[in-house]
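> Return a 3D structure for these sequence lines:
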Amino acid sequence: MPDPSSPIGIFDSGVGGLSVLRSIQQQMPAEDLIYLGDQGHVPYGARPMEQIQRFSEAITRFLLDQGSKIIVVACNTASAAALTYLRSKFPHINFVGMEPAVKPAAEMTKTGKVGVLATPATFQGALYASVVERFGAGVEFLKHTCPGLVEQIEKGELDSVATRSILENALHPMLEQHIDTIVLGCTHYPFVIPLIEEIAGKTVRVIDPAPAVARQVGRILDAIGLRTRSDASGKVQLYTSGDTKLAEFVLSRLLIYGVGVKPVLWKDDENVELSPKQ
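Predicted coordinates for the structure are as follows:
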């Protein structure tokens with residue numbers, strides 16, 4: 001059974017969820033964190049829902065085996081495809097997922113036009129449609145899937161010519177229609193906020209959902225009595241199903257230092273385990 005000293009488990013299809021890990025670390029520095037980036041399968045965005053559910057279930061089991069007291073699905077695609085599924089499979093585990101920040105965007109916009117950047121799976125999921133229906137009345141949401149952007153961020157190319165081109169293709173048509181707010185519907189995208197702000201200009205607000213997700217994690221831990229009582233700085237352990245050297249390079253580009261990366265292996269779509277090459 002987990003106790004307050006148990007770690008928080010976090011996963012994403014790649015390094016994107018580190019934007020959420022970073023916010024959790026800032027708000028709850030005493031918590032131990034375990035993160036699995038499924039870089040062997042990145043990106044999730046174009047994969048079938050059933051496959052994303054299998055990946056998410058296997059990764060959840062792995063994180064629980066490492067003693068996690070709560071699971072953060074730090075991936076908009078996996079949240080849209082698998083969060084309800086995971087809660088049914090693990091009814092005694094608390095999950096926190098990603099929800100497109102439609103509500104705060106609808107409250108903030110003055111022009112009534114909001115740009116949303118997300119993966120195809122996020123736009124196609126019931127979660128996105130639900131939040132737009134509940135909170136988006138009277139607001140026009142302009143969508144773009146930013147093909148190739150996740151892959152650029154996975155390579156650590158946060159300000160390259162290719163990355164800029166992807167964002168300009170997405171944002172310029174939206175800006176011509178007078179959006180004044182941008183919702184980041186993918187956890188990878190906060191790492192290119194400086195480039196987005198440079199392209200969009202100072203009058204356009206960019207909403208990073210990570211701080212709100214971290215606050216929700218804290219609320220749940222307080223409610224179930226599992227927030228750590230330690231005054232020490234928490235430890236962070238990262239796992240990847242991809243290339244550890246590449247993961248370490250990308251971590252340095254994302255300004256996340258002093259964290260080791262260990263490899264995990266997929267046996268099939270339904271089982272992930274520690275690599276013997278530790």
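> Gln51: neighbour count?
Neighbours of Gln51 under the rule other Cβ atoms under 10 Å: 14. From N, CA and C alone the C-beta is placed, and that goes for glycine too.
> same question but for Arg219, I mixed them up
For Arg219, the neighbour count with other Cβ under 10 Å is 12.
> mind checking which helix or strand it is in?
For Arg219, the host element (DSSP states H and E) is helix 210-223.
> Report the residue spans of this protein with pLDDT below the cut-off.
Where the chain drops to pLDDT under 70, the residues are 255, 257, 277-278.
> Domain boundaries for it, per the record?
Using automatic domain parsing, the domain parsing of the chain gives 8-98+211-274, 102-208.
> With distance to Pro2 added, can I get those in CSV?
Below are those laid out as CSV (distance: least, Cβ to Cβ, whole Å):
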stretch, distance to Pro2
domain 8-98+211-274, 3
domain 102-208, 24
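> Show me the strands in the stretch 1-150 of the chain, by range?
Per DSSP state E, counting those that start in this stretch, the stretch 1-150 of the chain carries strands over the ranges 8-12, 33-37, 70-73, 95-96, 113-118, 140-144.
> elements contacting the last one?
Looking back up the chat, that one is strand 140-144. Judged by 3 or more Cβ pairs under 8 Å, 6 or more residues apart in numbering; DSSP states H and E, strand 140-144 is in contact with strand 113-118, helix 161-176.
> what's the answer for the third one, then?
Using 3+ Cβ pairs under 8 Å, 6+ apart as the contact criterion, the neighbours of strand 70-73 among helices and strands are strand 8-12, helix 49-65, helix 76-89, strand 95-96, helix 210-223.
> Pull the distance from the last one to the chain's centre.
When you say that, I think you mean helix 210-223. The chain centroid and the centroid of helix 210-223 are separated by 14 Å under Cα atoms, centre = their mean, to the nearest Å.
> Most tightly packed of the helices and strands packed on strand 70-73?
Neighbour counts (mean count of other Cβ atoms under 10 Å) averaged over each of these peak at strand 8-12, with a mean of 28.
> contacting residues for Gly234?
Shown in contact with Gly234 (Cβ atoms under 8 Å, 6 or more residues apart in numbering): Pro7, Gln25, Met28, Pro29, Ala30, Glu31, Asp32, Leu33, Thr228.
> one more time with 7 Å, if that's ok
Applying Cβ atoms under 7 Å, 6 or more residues apart in numbering, we find Gly234 in contact with Pro29, Ala30, Glu31, Asp32, Leu33.
> what's the neighbour count on the first one?
Applying other Cβ under 10 Å, we find 13 residues neighbouring Pro29.
> No more questions from me, cheers.
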